[in-house]
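**Student:** the sequence isn't on hand, but the structure is:
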């Protein structure tokens, strides 16, 4: 099954995540830090992806090394339990959504990462 989000440009989807965080007083850097922690990309690689035409799906497919702690990221996003999503790629995408949701709720990057590294 192919979801539309897989073919969307990384820059447009990622900018929406940044905008969500910034509306709640967080920064672009906060979103970059969480994305780096989740996917294993370094900050320059994420910025390069932002400038390139890479799709959102390919950004996640090509992630260097997902954190092993990502399995601890659970809960609902868009009304769906992350841990029940059968498609691995969509599950990774929704995990980042969940991290940014925590950011938008006022949590710090350190608190968010600390919560999942238990």
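**Tutor:** Received the coordinates, thanks. Computed from a prediction, not measured in an experiment: that's the story for all the values here.
**Student:** okay, buried residues for stretch 20-32 please.
**Tutor:** Counting neighbours by 16 or more other Cβ atoms under 10 Å, one finds that the buried residues in stretch 20-32 are 20, 21, 26, 28, 30, 31, 32. Backbone N, C-alpha and C define where each C-beta goes, glycine included.
**Student:** which one's the longest helix in the protein?
**Tutor:** For the chain, the helix with the greatest residue count under DSSP state H is helix 88-104.
**Student:** what lies in contact with the worst-scoring helix or strand of the chain on mean pLDDT?
**Tutor:** Within the chain, confidence by mean pLDDT, DSSP states H and E is lowest for strand 76-77 among all helices and strands, at a mean of 89. Residues outside strand 76-77 that contact it (Cβ atoms under 8 Å, 6 or more residues apart in numbering): 82, 94, 97, 98, 101.
**Student:** that one: what's the following helix or strand?
**Tutor:** strand 80-81 (DSSP states H and E).
**Student:** mind giving me the packing neighbours of that next one?
**Tutor:** Contacting strand 80-81 under the criterion 3 or more Cβ pairs under 8 Å, 6 or more residues apart in numbering; DSSP states H and E is no other helix or strand.
**Student:** who does it pair up with?
**Tutor:** Paired with strand 80-81 in the same sheet, following DSSP bridges, are strand 76-77 (antiparallel).
**Student:** fine by me, we can end here.
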